[in-house]
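Peer 1: What follows is a predicted structure for the sequence shown.
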Amino acid sequence: MSAHVKHLASASGAAASSAGYRGLWALGGLGMVIGAAVAVAKNIRLVKEGKMQSDQAVGETLKESLGTGLTTAAAGAAAGVLGLSGALGLVGVAALGVGVKYLWDSALTPPAAAPAKPAAKASAKAETKPKAKAKAVKAPATAREE
């Protein structure tokens with residue numbers, strides 16, 4: 001193969017690789033826009049109901065946007081590398097997307113507080129044990145009652 005042909009082959013390979021990366025960036029950007037739209041719609045309602053502060057809503061929206069963009073780009077890259085297409089490709093991309101999003105959410109969400117431990121059995125029994133009724137005491141009989 002001549003040097004000229006080798007140069008053309010390597011240049012076209014670099015162009016194809018660069019186009020692939022641009023496609024993944026575009027796909028990730030689309031995922032970010034969709035993730036932001038969904039998060040904003042959810043967070044607006046939570047802010048109006050008083051369940052979330054506006055600064056929390058902004059942070060959650062950014063987190064969801066980046067996570068959805070990353071998920072979309074990763075799924076697109078995997079589909080391209082594995083050559084997935086058709087219904088099987090759609091299922092594979094969806095499964096990979098769920099996995100990436102799960103990992104993203106797990107990494108950025110603090111662990112939930114552990115539920116309170118139940119009280120010791122002895123103290124629980126003491127609290128539930130019925131209390132003794134006070135006995136009525138009769139007053140001594142007086143002369144009038146007799």
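Peer 2: Sure, I can see it.
Peer 1: Secondary structure element holding the residue nearest to Gly28 when sequence neighbours are not counted?
Peer 2: Excluding the flanking residues, the one nearest Gly28 by CB to CB, 6 or more residues apart in numbering is Ala73, at 3.3 Å. (Glycine included, C-beta is placed from N, CA and C.) Element membership of Ala73 [criterion: DSSP states H and E] is helix 54-82.
Peer 1: Remind me what that helix packs against, helices and strands.
Peer 2: helix 3-48, helix 86-108 (3 or more CB pairs under 8 Å, 6 or more residues apart in numbering; DSSP states H and E).
Peer 1: Low-confidence ranges, the chain, go.
Peer 2: Where the chain drops to pLDDT under 70, the residues are 1-20, 113-146.
Peer 1: ok, 80 please
Peer 2: Counting by pLDDT under 80, the chain contains low-confidence ranges at 1-21, 84, 109-146.
Peer 1: Near the closest residue in space to Lys101 that isn't next to it in sequence, how many other residues are there?
Peer 2: Spatially, and ignoring its direct neighbours in sequence, Lys101 is nearest to Thr71 (4.6 Å; CB to CB, 6+ apart). Number of residues near Thr71 (other CB atoms under 10 Å) recorded here: 25.
Peer 1: likewise Ala79?
Peer 2: 17.
Peer 1: where's the residue nearest to Lys101 relative to Gln56, distance?
Peer 2: Thr71 sits 22 Å away from Gln56, going by CB to CB, to the nearest Å.
Peer 1: thinking again about what came up before, any chance of the helices and strands packed on helix 54-82 in a markdown table, with mean neighbour count and distance to Ala78 too?
Peer 2: A markdown table is the format used below for the helices and strands packed on helix 54-82 (neighbours: other CB atoms under 10 Å; distance: least, CB to CB, whole Å):
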| stretch | mean neighbour count | distance to Ala78 |
| --- | --- | --- |
| helix 3-48 | 13 | 11 |
| helix 86-108 | 13 | 5 |
